[in-house]
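Peer 1: how would this look folded up:
(2 chains, ligands or ions: 1)
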Amino acid sequence: MRRPEWVPAGTDVETPNAARVYDYYLGGSHNFEADRDMARQAMALWPDLPVIMRANRAFLRRAVQHLAALGITRFLDIGSGIPTFGAVHEVARAVHPRARVVYVDMDPIAVAHSRLMLQDDPLSAMVMADMTDTGDLLSRPEVTDLLAPGEPVGVLLVAMLHFVTDAEDPRKIVGALRDAVPPGSHLVLTHASRESRPRQADSLAELYARRTTTPLVMRTRTDVAAFFDGWELLPPGLVWLSEWRPEDPESVGPHPEQMSGLAGVGRRP
Amino acid sequence: MRESPSAVAGPAPDFTDAWSHLLRSGPGLALPPQTLRRVAATTADLLRRALGDRTCDTALAEQAGTLLVEAHFTDPEILAAAVALLQIQPAGPERVPAVAGAFASGWAAALRERTLREQEAIQRAAFRAREDAERARNASEARFRALFEHAAIGIGIADVDGTIVQFNQALRELLGARPEDLWGRRVTELVHPEDAPGVWEAYEDLVRGRRERFQCDKPYYRRDGEVVWTHLTVSLIRDEHGEPRYQVAMVEDITDRYRLQERLRHQATHDPLTGLPNRTAFFERLEGLFEQPPPDARFGLCYVDLDGFKVVNDSLGHETGDQLLTAVAERLDAALAPLGHLVARLGGDEFVVLLEECRGDQEAVAVAKLVLTTLARPFLVGDQQLTIGASVGVLAQRIAATTPGAAVRAADLTLYRSKEAGRGRWTLFDPTHNARAVSRYAISVRLPVALDRGEFFVDYQPLCSLADGSLVAVEALVRWRHPEFGVLGPDEFVGTAEETGLIMPLGRWILERAVGQAAAWVRRYGEAAPQINVNLAVRQIRNPGLVHDVTSILDSTGLEPGRLELEITESAVIGPEDESLRALQAIADAGVSLAVDDFGTGWSNLAYLRDLPVSGLKIAGAFVTDPHRAGTDDPVGWRIVGGLVSLAHALGLTVTAEGVENSQHARRLRSLGCDWGQGWYFGRPMRPERIARWIERGRPD
Ligand SMILES: C[S@@+](CC[C@H](N)C(=O)[O-])C[C@H]1O[C@@H](n2cnc3c(N)ncnc32)[C@H](O)[C@@H]1O
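Peer 2: So this is what the prediction gives:
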């Protein structure tokens, strides 16, 4: 989905957009009627979606906290979406007040919104790029700056890779990112899976394919695990969203597989 | 916040626990536990106070609603659950609904605020995104405009009806046109009489969508009437449905290159001394006649040779000889051109008259007589009166009955007989005589056995670096020790060998011999050994076995391919589609270098140079030495050489100048950037032993 940048693609509010639909699931109002319409349709198919998305967001928060606790102060959040509560720089700065975050997204409205939010923040930047063109992404000045000191970074691909089709070769993309970051860097990843709810997952994928410009690719556990090639998975490994280092055993719930999303954090040796 | 145990009416004792539980289950999931605990505690406290307060301060409940929304509890389910929990608190029948109502209204107002804020934010973001995209687009359009407008190459855009809709400055300048001369003009108005055949057909095909692009060399009239030659590339642009929409023309000014090529062509087809068409031009015309002759068409030839010219040359000097030749040429041309006949100089004191239409022997004989009378009057050369006679061999034949080669040979032979019979006369071709001719054509008879009898040998002519005079390469030149005629050079028998096919074994023999010699030098002298250059005849190139021959000879002698350069003539490759191109490519792929020999004497198509896998160019000696004008500077000739050198360098070719006869030439060529030189100044063809001594001592004997 590479477009020349002068085509104002993605600025029409008539087509639902993954980032804004996701915001609606989370109870936000950063969305337009088309997004809400699509989200309501999705929730009719799969009423758990808001819970799943909150679990995703909660995982993101726990993972960033964990990385910050390990001493990571630089983050590359790819597919960052609409900034809602709990943005990466807020979470990280609770530990390291001078943590730096480079956000990346290809959706122009998400980008514009993030820029408006971040305009007074000298330590964060927003880059508009399509991550499937890793060469382009890695050559952006904001990104090269972030990587320049050779300090480990946290690379976030949260609820993002399932928007990359097999034809775009996501394994190669993740591999290129791995090769670009210094040892000690971490990969934070969540991914939609059809394993626990195949029927809902299929209809949801069909809905995204039909209504958005970012089809949703459900992958198996094996596929997702393969993204961690060359990374060492931190305990507890690749698990359902709420099972990853819960703060409170109760929050895992009796049916973590309901969360239908796989989550993991890997360390580049 | 302490709770008052004495209160009669108020929240149930477990209210705080129930409230925290309620918040933890829903959206609270995504909050950090400390935050969640803090929010739960604060809001529970506010509500407890509202429920227990005597003054019934419902504002506290409203505040709790607001706080919840700020902590992202925006889900309506949370409101329902909260109100349900409040309603079961034992705080009295008026108090409970008032507190629940205040809480709900605080929550709703806050949510409304929040929603409006977020809506405004996202609207702004959408607006900003559109603005950004628009700006990026304008910037890119501006960049594109700048690129288009300042491109060095002319660019024009027309629709498929041929109406010009856009053009850049380079195109305007190239055509010397004002904008109003181009706006709305039709592409089809830009015809020129010299347009290559097929150009406009290609154009039709393009605008109809039958082809995507075409390229050609095309002349245009400038506004001032001058002609500009261009290399034109036209591409079709289709719309999103695949329908032809626009054509884009990229127009490159190649006038200089074209002129240079024209000049080369003129040089190649004209005798520099007399300005008459030369041997090449004559044969081209003659062969043209044979292409599609009407069934009974006849033609005539008068082969003219001056009597006693050698005496004039030897006794009065070359200068006088040249002036005499020029005068003869002028007189012949003046007498015969008006009759529609072609007069050409074949070389030395030999001329030929071609009658492209000829009714029969009589007409040809009449022309021969005219030649003799024209030349009978004395010539004034300097201040001397010179009388020179001529002999003429005459031939008139049906085109269908002969071939160009046979006809010229027959005319030559007839001339020979005429001379034998006494000078100053013409002789008509007699087929019976022709049959048992004893002449130089006896060569063809002897040739086949000569190879078996070991009558050939190879001499080597040095090629030297113009920068420092060092020996860089040698060219292998075959010789024939003819039992009757003595040693013959390649000019005298290679042509015949090509015609008879003997060139195949002979060519292979030369290659073996020369490569073997070069390998021996390398073994003996290592890096100091020169590169070996060997000529390839056209027929050899067309032979499918060539690549194999070359590689197996290299293998068996052990010579590195890079030390062998094969010289081909321009005529060896007809065009980009030619078969031989593949053979040449294979040879180049094997690491052997290729050079174009005698450049400038043939078709001189500069465009083909680009397509050939060659790495060297040898400029024909005629450009460097004009033997008739030794010592004089010919600025046109030098300019051509300069042009060729820079062109060749642009193509990455090493340039060798042939025919370097003196130090002035060498100096001049060096200043023009020419790389190597070959010619008498550096050394004539010599025996291999002398080359060996040269390598040993680093200088010639
Ligand atoms: C569901 S949101 C995830 C937001 C955030 N990472 C989270 O998990 O809370 C996915 C985002 O990925 C972005 N995205 C999808 N494909 C992308 C690509 N190829 N390059 C960059 N961003 C992409 C979408 O525009 C969208 O904003």
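Peer 1: Nearest to the ligand: which residue in the stretch 251-400 of chain B?
Peer 2: residue B:252 (40.5 Å; Cβ to the nearest ligand atom). Every residue, glycine included, has its C-beta placed from N, CA and C.
Peer 1: Nearest residue to that residue in space, please, no chain neighbours.
Peer 2: Of all residues not flanking residue B:252 in the chain, residue B:231 sits nearest, at 4.5 Å (Cβ to Cβ, 6 or more residues apart in numbering or on different chains).
Peer 1: do you know how far that neighbour is from residue B:653?
Peer 2: Distance of residue B:231 to residue B:653, computed by Cβ to Cβ, to the nearest Å: 20 Å.
Peer 1: Which residue ranges of chain A form strands?
Peer 2: Taking DSSP state E to define them, one finds strands in chain A at A:74-78, A:100-105, A:124-128, A:154-157, A:186-192, A:232-233, A:239-240, A:261-267.
Peer 1: Of all those strands, which one is nearest the ligand?
Peer 2: The closest of the strands of chain A to the ligand is strand A:100-105. By Cβ to the nearest ligand atom, the value is 4.6 Å.
Peer 1: so what does the closest one touch, helix or strand wise?
Peer 2: Contacts defined by 3 or more Cβ pairs under 8 Å, 6 or more residues apart in numbering or on different chains; DSSP states H and E place strand A:100-105 against strand A:74-78, helix A:88-93, helix A:108-118, strand A:124-128, helix A:141-147.
Peer 1: tell me which parts of chain A are close to the ligand?
Peer 2: Contacts of chain A with the ligand, taken as Cβ under 6 Å from any ligand atom, map to A:18-19, A:22, A:56-57, A:60, A:79-81, A:104-107, A:110, A:130-132, A:158-160, A:163-164, A:214.
Peer 1: what about 8 Å?
Peer 2: Chain A has residues A:1, A:17-19, A:21-22, A:53, A:56-57, A:60, A:77-82, A:84, A:104-107, A:110, A:129-132, A:156-160, A:163-164, A:168, A:190, A:214 near the ligand, with proximity defined as Cβ under 8 Å from any ligand atom.
Peer 1: beta partners for residue A:78?
Peer 2: Beta bridges link residue A:78 to residue A:104, judged by DSSP bridges.
Peer 1: Could you list which residues are in contact with the residue in the stretch 201-350 of chain B that the ligand sits nearest to?
Peer 2: Ranking the residues of the stretch 201-350 of chain B by distance to the ligand (Cβ to the nearest ligand atom) places residue B:240 first, at 24.0 Å. By Cβ atoms under 8 Å, 6 or more residues apart in numbering or on different chains, the contact list for residue B:240 is empty.
Peer 1: Look at it and tell me its secondary structure.
Peer 2: Taking DSSP: H, G, I helix; E, B strand; the rest coil as the rule, one finds residue B:240 in the coil state.
Peer 1: SS state for the nearest residue to residue B:597 once chain neighbours are set aside?
Peer 2: Distances taken as Cβ to Cβ, 6+ apart put residue B:567 closest to residue B:597, at 4.0 Å, once the chain neighbours are dropped. Recorded secondary structure, residue B:567: strand (three-state DSSP).
Peer 1: Residue B:567 and the ligand, how far apart?
Peer 2: Here the criterion is Cβ to the nearest ligand atom, to the nearest Å. By it, residue B:567 lies 58 Å from the ligand.
Peer 1: so where's the stretch 351-500 of chain B shaky on pLDDT?
Peer 2: B:432-443, B:484-486 (pLDDT under 70).
Peer 1: let's see it at 90
Peer 2: Where the stretch 351-500 of chain B drops to pLDDT under 90, the residues are B:359-361, B:376, B:380-389, B:398-410, B:412-425, B:429-454, B:480-500.
Peer 1: residue of the stretch 351-500 of chain B with the smallest distance to the ligand?
Peer 2: For the stretch 351-500 of chain B and the ligand, the shortest gap (Cβ to the nearest ligand atom) falls at residue B:467, measuring 57.8 Å.
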